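Below are the sequence and a predicted model for it; my questions follow.
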Amino acid sequence: MWGTTPATGHARDERGHRDEGRNYRRGPDGPRHREERLGAGPLPLAFLDHPGNQPVDDLVGLGATACKTPADVAEASDIIILCVTGSPQVEAVLTGDAGVLSRLRKGTIIVDCSTALPESTLRMAAAVRTAGGAFLDAPMTRTAKHAEDGALNLLVGGDETDFQNACAVLASFTERVERVGPVSFGHRLKLLHNYVSIGFMALLSEAAAQAADAGVDPAVFVDVLAKGGGAGAALQRMTPAIVTDDVGTVPFFIGNALKDIDYYRTMASASGASRTIADGVAGAIAAVVESGHGGAYIPELARFLRKPHPAA
C-alpha cells in the first residue's frame, strides 16, 4: 500500500495536452526510471511499513516516507494505491482499526489494484464515497517480470473524471491503463481474465500429463498443439515447463490460482451464471493444493497431474 500527492491530476501527452481518451498508454518505465522520478520529486511517496514489504531502503533513500498505519498513509496522500491478497485484506485496510477511512482526506482517490470480489468492491466504493473520497478498482494483468519493468496493464473501473485524475500516477508503473466501465468492472473483468488464463493452463497441464504418461515426446506434443487449435499465449507460457521442466516462466502460486478461481465461482454464483466448468477446474487445482503443493508455481501442474507411479 502506498500513497502520493501528484503535482498534476490529469494525464498529459508529451506536448502537455490533457488526455481525455478512454485509454492511457506509456512506454515501459523500469525500476531505475521510477526511482529517478521519485528522486526528482514529482510524486512524493508514502508507504505502509509492514513485514511483508519487499526491501524498501532504496525508496527511503530517495525520500519516500514509511508510515506505521494505513491511516497515516491516508493523512499524507491524495491518491492511495492498494495491492493486497484479496477482498478481506482490502476491507481490513480500509475499514479496520487505524484504517484508511479513519483519516481519509476529502477528495482522495483510492485505487485498488488487488484481485477482489466485485460485490465487496461495490461496498468499499460506497464507504469511500461516504467518507468523502473516490474509488477506482484497477487490478493488474501480466507477469512479475512486467511488474519489475514497470510495464503492467491495468483494467480500471470507476468514474471517468476520477480515472483521468489518477492516470498520471498510474502511468508511473504501467504500460497500458484502460478504463473498462463503472466501479467493480475492473475486478469483474480481472476475474474473467484469470479464469480463462488459469483454465487454459490447467487444461494444458492435464493434457501434458496424459501425454507424458503415454510416452509422447513433450516437444512433439507442444509442436502439434502450436500448429493447430492449441496455439496461444497459454501454450507459449507453459512450453518451457512441459519440454524442459523450467517452471519459472509463470511465477504464480497454485494456491493463488485456486483463490482466483474460487473468486470467479463466487462471482458467477452471485449473478446466477453457469460455473460447471469452473467447478471442474477448481476441483483439479484444489486436489493439488490439498496435497501440499499450493506454494508451487502453476506450470508445475503438468507434473502434479501425472498418474502416480508404483514404488520401486
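Perfect, thanks for sending it.

Can you pull the phi and psi angles for the residue nearest the centre of the chain?
Closest to where the C-alpha atoms of the chain average out (Cα atoms, centre = their mean) is Met140, at 3.6 Å. With angles defined as degrees, to the nearest 10, Met140 shows backbone torsions of phi -100, psi 150.

tell me the contacts of it?
Contacts for Met140 (Cβ atoms under 8 Å, 6 or more residues apart in numbering) come out as 83, 113, 147, 152-154, 190. For the C-beta atoms, the positions are set from N, CA and C on the backbone; glycine is no exception.

Just the buried residues of these.
83, 113, 152-154, 190 (16 or more other Cβ atoms under 10 Å).

of these, closest to Ala125?
Taking Cβ to Cβ as the measure, Ala125 sits nearest to Cys113 out of the buried ones among the contacts of Met140, at 14.4 Å.

surely the closest one meets Val156?
No - look at Cys113 against Val156 with Cβ atoms under 8 Å: they stay out of range, at 9.6 Å.

Report the set of residues contacting both of those two.
Ala138.

What ranges does the stretch 101-250 of the chain have for its helices?
Secondary structure of the stretch 101-250 of the chain (DSSP state H, counting those that start in this stretch): helices at 118-130, 144-148, 160-170, 185-213, 218-226, 233-244.

Excluding chain neighbours, what is closest to Phe163?
In this structure, Phe163 finds its nearest non-sequential neighbour in Arg179, 4.8 Å apart by Cβ to Cβ, 6 or more residues apart in numbering.

Just want to check the distance between Asp213 and Leu155.
38 Å (Cβ to Cβ, to the nearest Å).

Cys83 touches Ile110, doesn't it?
No - under the criterion of Cβ under 8 Å, Cys83 is not in contact with Ile110, lying 11.9 Å apart.

tell me the contacts of Ala226?
By Cβ under 8 Å, 6+ apart, the neighbours of Ala226 are Leu235.

Can you give me the distance of it to Arg237?
Following Cβ to Cβ, the distance that separates Ala226 from Arg237 is 12 Å.

ditto for Lys227
Remark: distance between Lys227 and Arg237 (Cβ to Cβ) = 18 Å.

More neighbours: which of the two?
Arg237 (19 against 9; other Cβ atoms under 10 Å).

From Asp246, how far out is that one?
11 Å.

Which residue is the nearest non-sequential neighbour of Ala270?
Closest to Ala270 by Cβ to Cβ, 6+ apart is Glu119, at 6.0 Å.

Same question for Glu75.
In space, Glu75 is closest to Arg103, 4.6 Å off (Cβ to Cβ, 6+ apart).

Equivalent analysis for Ala208, please.
Leaving aside its chain neighbours, Ala208 sits nearest to Ala302 (4.2 Å; criterion: Cβ to Cβ, 6+ apart).

hang on, the one you found in a strand?
No - checked against DSSP: H, G, I helix; E, B strand; the rest coil, Ala302 lies outside a strand; its state is helix.

Name all residues that make contact with it.
Listed by Cβ under 8 Å, 6+ apart, the contact set of Ala302 reads 204-205, 208-209, 212, 238, 241-242.

do Gly255 as well
289, 294-295.

Could you rerun that using 6 Å?
289, 294 (Cβ atoms under 6 Å, 6 or more residues apart in numbering).

any idea how far Met124 is from it?
24 Å.

Tell me which of Asp213 and Leu155 has more neighbours.
Set Asp213 next to Leu155 and count neighbours by other Cβ under 10 Å: Leu155 wins out with 24 against 12.

Looking at the residue nearest to that one when sequence neighbours are not counted now. What's its pLDDT?
Excluding its sequence neighbours, the residue lying closest to Leu155 (Cβ to Cβ, 6+ apart) is Gly186, at 4.5 Å. pLDDT, Gly186: 98.

one step back: could the buried ones among the contacts of Met140 go into JSON lines alongside distance to Cys167?
Output for those, formatted as JSON lines (distance: Cβ to Cβ, whole Å):
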{"residue": "Cys83", "distance to Cys167": "18"}
{"residue": "Cys113", "distance to Cys167": "14"}
{"residue": "Leu152", "distance to Cys167": "14"}
{"residue": "Asn153", "distance to Cys167": "14"}
{"residue": "Leu154", "distance to Cys167": "10"}
{"residue": "Lys190", "distance to Cys167": "19"}
